[in-house]
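Engineer: A predicted structure for the sequence below; I have some questions about it.
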Amino acid sequence: MTLRLAVELDGGSFAAPDWIARIRALDEAELDFVTFADTFGGAGPEAVLLAARLAPLTRHVGLVPVATTTHTEPFHLSTALATLDFVSRGRAGWQVRVSADPGEAALVGRREPLGFGGLFAEAREAVEVVRRLWDSWQDDAIIKDVATGRYIDRDRLHYVEFDGTYFSVKGPSIVPRPPQGQPVVAALAHGPQVWNSLDVDVYFTTPDAAADIVRDLPAEKKIFIDVAVSDNTVDVIEKLEKTGISGVRLTGADVDGDLVAELRRRGLFTPSDATTLRERLGLPQAVNRYEEAAHA
Amino acid sequence: MPKQIILAAHFPGVNNTTVWSDPRAGSQIAFDSFVHLARTAERGLFDFFFLAEGLRLREQRGLIHDLDVVGRPDTLTVLSALAAVTEHLGLAGTLNATWHEPFELARQLATLDHLSNGRAAWNVVTSPGAFFGENFRRGGFLDHADRYVRAAEFITTAKALWDTGGGDFRIRTSQFDISGTFPVPRSPQGHPVILQAGDSAGGRDVAAEHADAIFSRHHRIDDAREFYRDIKTRVAGHGRDPDDLKIIPGVSYVLGDSAADAQEKAHHIRRQQVSPQTAILLLEQLWNRDLSGYDPEGPLPSIDPVLDEDDTIIKGRAGMYPDRIGTANEWRALAEQKKLSIRDLIIEVTGRQNFIGTPADVAARLDEYVQTGACDGFILVPHLTPTGLDDFVDQVVPLLQERGVFRTGYTGTTLRQNLGLR
């Protein structure tokens, strides 16, 4: 069985050419996706904007920036990620992250840091709101009906009416439904407290936790193991392949063409022909919850 | 050397002036549309590309407004993507000081400035109130009276963060109490260019003290000159050089082979912009009441507008009519005198194109505005997405260059330099 292959990009450079060189090499190697590391107060370029800056210069690789949920507005997150999906033509994802650092709370200065439970409860709400807003326009909402003078059919737009513990959001989105319907949502999950509290499409975990998370979560969830690039990366990946995971995310160093070529030679990785990130990861076509409700 | 004209390209927005019913009208959301307009503007050596923003879909009579273009991308994300397909063009985004926080937005703008090599600009707007607040954590937290207090403190806070160049800060104002390390090293422009669009006295003062440019609404030459004088005086009052604040009205134009041809095209576009349904809707915006029973081809209502500025019939749009009764009386008088139906009147009194004529006429009038103290340049608002600027770039830009009032190549490396700002 072949694995899906991702790379985590990290680094503080603010010079676009540095990133362009790195992403082009990975795009040419036809990797499935990259994640862009970031934190709320992060020392590098803001990851969603960096991903957008690189989107028009790549054709294949999926673009999955980290965006935090603790001090940000779910409404802005939703529209930014939907827009990333438009500018990348269906290659966008989102790695959800929380901010437990009191120093980051002081950058906003509005409330005390939340505890672990609160951080993940809030992240869960944020993911829910973001997903609802992505669905708040039906794909056929734009009708351009000259006879009645209407650009949209307003019945195909939906107030999301989210009322949670941490925020309420009315909706609908200001951005039409993105090309993938639901861009891919991912999160780092090193233990059951995290994977049981966040419902996402893709989980990044450690080799040690792999067996547990594969056992705990339903088969449609995609489990990726983080593998630090080293001299024996390929051997490590070959062993992991048998654990029932979907893929690996290489971390710690840039991946060169030789490594990818070796993975291909051993049958561990085959580039995908699918154009959207969802399809490539084997995720089902995203059904619009509001459309489904309207037809029920 | 005569004064040089600033030119910017406004991506067509969500007002009825954007014509979607024309067969040539393209997608308002596909990235290709943004690429086309941005590359056209850069081919025409424009200073910058401009995006508006609205953080909730407009509503009229409590329903999502469906007659105009609806839906647009997130401002910063699409600008960052456009940085990849342009080299010199400034990238200006409207971002609301009420519904963002300074650390996050300053970091994002500094990121955009780095990733675009010094081309970022921020159009600062404010919108208090519960309507937008329903999409955000704090709800309607900001009083109307405090909106420019927050905007001014937001701008000075953002500048202070940028000035740390990656250092520590501690900022306490009436709106913000923040501390920590700003993680972004000094960006190519130092401060991304600040635009301001508010027209009230409060908005004018914020602009005069803090902004690099004003996106103004004054396009009749006498109004524009008065506004220009007022603002430049306020700028000097803050100890700044009047040249440090550029005044750039948003304007529309129609080109024709002859003056008559241009007028005919302009009228045709106006009829596209004001459908029968849109005519009633625009009338309701002044009357502030349900007029759906009126015939768009019939006479104006004899009943008077409703005066309740706290509960207007349209939500999500800045106030447009300070004197509803007076304006309604003017419109009635005009309709009577010229025998106009509701739709004909709306075509006449709202959103008429500002510059209509041959390319030579339009070039001469734009130049007259700039040389006679009515403005420093223009934000052109095309009526078609995404090809609406093609004819201007092909036909008017060369004439401005011949007049010696517009660049023949980019000279600065940053937007700030191209605008002649310090």
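Structural biologist: Now that the structure is in, tell me what you want to look at. Numbering: from 1, shown residues only, chains lettered A, B, ... in the order given.
Engineer: OK, contacts around residue 48?
Structural biologist: All of this is about chain A. Residues near A:V48 by Cβ atoms under 8 Å, 6 or more residues apart in numbering or on different chains: A:P65, A:A67, A:A80, A:L81, A:L84, B:T77. (Each C-beta comes from the backbone N, C-alpha and C, glycine too.)
Engineer: my question was about chain B
Structural biologist: Counted by Cβ under 8 Å, 6+ apart, B:F48 has contacts B:A8, B:A9, B:A41, B:L89, B:G90, B:L91, B:A92, B:R119, B:A121, B:V193, B:L415.
Engineer: Got the domain ranges for chain B?
Structural biologist: B:6-256+B:354-418, B:275-349 (automatic domain parsing).
Engineer: most packed of those domains?
Structural biologist: Of all the domains of chain B, domain B:6-256+B:354-418 carries the top mean neighbour count, a mean of 20, counting by mean count of other Cβ atoms under 10 Å in any protein chain shown.
Engineer: farthest pair in the contacts of A:V48?
Structural biologist: Maximum pairwise distance in the contacts of A:V48, criterion Cβ to Cβ, is 11.0 Å, between A:A67 and B:T77.
Engineer: In TSV: the domains of chain B, plus mean pLDDT.
Structural biologist: Formatted as TSV, the domains of chain B follow (pLDDT from 0 to 100):
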stretch	mean pLDDT
domain B:6-256+B:354-418	96
domain B:275-349	92
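Engineer: could the ones you listed be laid out in JSON lines, adding distance to A:P178?
Structural biologist: What follows is those, written out as JSON lines (distance: least, Cβ to Cβ, whole Å):
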{"stretch": "domain B:6-256+B:354-418", "distance to A:P178": "9"}
{"stretch": "domain B:275-349", "distance to A:P178": "22"}
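Engineer: Determine how far stretch A:40-48 lies from the middle of the whole chain.
Structural biologist: Centroid separation for stretch A:40-48 versus its chain: 16 Å, with Cα atoms, centre = their mean, to the nearest Å.
Engineer: Please apply the same query to stretch B:153-172.
Structural biologist: On Cα atoms, centre = their mean, the centre of stretch B:153-172 falls 27 Å from the chain's centre.
Engineer: Now do that stretch: distance from first to last residue.
Structural biologist: 10 Å (Cα to Cα, to the nearest Å).
Engineer: before we move on, what about stretch A:134-141?
Structural biologist: 13 Å.
Engineer: Low-confidence ranges, the stretch 1-150 of chain A, go.
Structural biologist: A:1 (pLDDT under 70).
Engineer: Could I get the full set of helices for it?
Structural biologist: Ranges of helices within the stretch 1-150 of chain A are A:16-28, A:47-54, A:74-87, A:102-108, A:116-135, based on DSSP state H, counting those that start in this stretch.
Engineer: Out of those, the one nearest B:D230 is which?
Structural biologist: helix A:74-87 (34.8 Å).
Engineer: now the angle from the closest one to helix A:116-135?
Structural biologist: 50 degrees (axes from the mean of the first three to the mean of the last three Cα atoms, to 10 degrees).
Engineer: now helix A:74-87, how far from the chain's geometric center?
Structural biologist: Between the centre of helix A:74-87 and the centre of its chain there are 11 Å (Cα atoms, centre = their mean).
Engineer: Do a quick rundown of the helices in the stretch 151-296 of chain A.
Structural biologist: Under DSSP H, counting those that start in this stretch, the stretch 151-296 of chain A gives helices at A:192-197, A:210-216, A:233-240, A:257-265, A:277-280, A:289-295.
Engineer: Redo those as JSON lines? Include mean pLDDT, mean neighbour count and distance to B:S302.
Structural biologist: Shown next, in JSON lines, are the helices of the stretch 151-296 of chain A (pLDDT from 0 to 100; neighbours: other Cβ atoms under 10 Å in any protein chain shown; distance: least, Cβ to Cβ, whole Å):
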{"stretch": "helix A:192-197", "mean pLDDT": "92", "mean neighbour count": "16", "distance to B:S302": "63"}
{"stretch": "helix A:210-216", "mean pLDDT": "92", "mean neighbour count": "15", "distance to B:S302": "71"}
{"stretch": "helix A:233-240", "mean pLDDT": "92", "mean neighbour count": "16", "distance to B:S302": "79"}
{"stretch": "helix A:257-265", "mean pLDDT": "91", "mean neighbour count": "15", "distance to B:S302": "76"}
{"stretch": "helix A:277-280", "mean pLDDT": "97", "mean neighbour count": "22", "distance to B:S302": "58"}
{"stretch": "helix A:289-295", "mean pLDDT": "81", "mean neighbour count": "13", "distance to B:S302": "42"}
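Engineer: mind checking which of the ones you listed is nearest A:H60?
Structural biologist: Taking Cβ to Cβ, helix A:277-280 is the member of the helices of the stretch 151-296 of chain A nearest to A:H60, at 9.2 Å.
Engineer: So what touches that closest one?
Structural biologist: Helix A:277-280 is touched from outside by A:4, A:32-33, A:62, A:64, A:90-93, A:180-184, A:201, A:272, A:274, A:284-286, with contacts defined as Cβ under 8 Å, 6+ apart.
Engineer: make it 10 Å
Structural biologist: A:4, A:32-33, A:60-64, A:85, A:88, A:90-93, A:179-184, A:201-202, A:271-274, A:283-286 (Cβ atoms under 10 Å, 6 or more residues apart in numbering or on different chains).
Engineer: again, but for stretch B:231-239
Structural biologist: Residues contacting stretch B:231-239 (Cβ under 10 Å, 6+ apart): B:201, B:204-205, B:207-211, B:214, B:216, B:218, B:240-247, B:373, B:376.
Engineer: quick one on the thing from earlier: if I look at A:A67 and B:T77, which residues touch both of them?
Structural biologist: Common contacts of A:A67 and B:T77, defined by Cβ under 10 Å, 6+ apart, comprise A:V48, A:A51, A:H76, A:A80, A:L81, A:L84.
Engineer: Would you check that the fifth one makes contact with A:R91?
Structural biologist: Put plainly, it is A:L81. No: between A:L81 and A:R91 there is no contact, the gap being 11.8 Å when judged by Cβ atoms under 10 Å.
Engineer: Check the contact lists of the two and give me the overlap.
Structural biologist: Common contacts of A:L81 and A:R91 (Cβ under 10 Å, 6+ apart): A:A51, A:V64, A:P183, A:V184.
Engineer: Once you drop chain neighbours, what's closest to A:S13?
Structural biologist: The shortest distance from A:S13 to any non-neighbouring residue, by Cβ to Cβ, 6 or more residues apart in numbering or on different chains, is to A:W19 (6.7 Å).
Engineer: Then B:R317?
Structural biologist: Leaving aside its chain neighbours, B:R317 sits nearest to B:R58 (5.9 Å; criterion: Cβ to Cβ, 6+ apart).
Engineer: Over to the one you found: give its phi and psi.
Structural biologist: Main-chain torsions, B:R58, degrees, to the nearest 10: phi -70, psi 150.
Engineer: For it, give me its contacts.
Structural biologist: Counting by Cβ under 10 Å, 6+ apart, B:R58 touches A:174, B:14-15, B:64-68, B:70, B:131, B:314-317.
Engineer: cutoff 7 Å now
Structural biologist: B:H65, B:I314, B:K315, B:G316, B:R317 (Cβ atoms under 7 Å, 6 or more residues apart in numbering or on different chains).
Engineer: same thing with A:A67?
Structural biologist: By Cβ under 7 Å, 6+ apart, the neighbours of A:A67 are A:A47, A:V48, A:L77, A:W94.
Engineer: what about 6 Å?
Structural biologist: The contact partners of A:A67, by Cβ atoms under 6 Å, 6 or more residues apart in numbering or on different chains, come to A:V48, A:L77, A:W94.
Engineer: got a list of what the second one touches?
Structural biologist: Going back to what we said before, that points to A:L77. Contacts for A:L77 (Cβ under 6 Å, 6+ apart) come out as A:A67, A:V130.
Engineer: So which bits of chain A are right by chain B?
Structural biologist: A:14, A:16, A:41, A:43, A:45-46, A:49, A:52-53, A:55-57, A:73, A:75, A:79-80, A:83-84, A:86-87, A:103, A:106-109, A:144, A:146, A:149-152, A:154, A:157, A:167, A:169-170, A:175-176 (Cβ under 6 Å from any Cβ of the partner chain).
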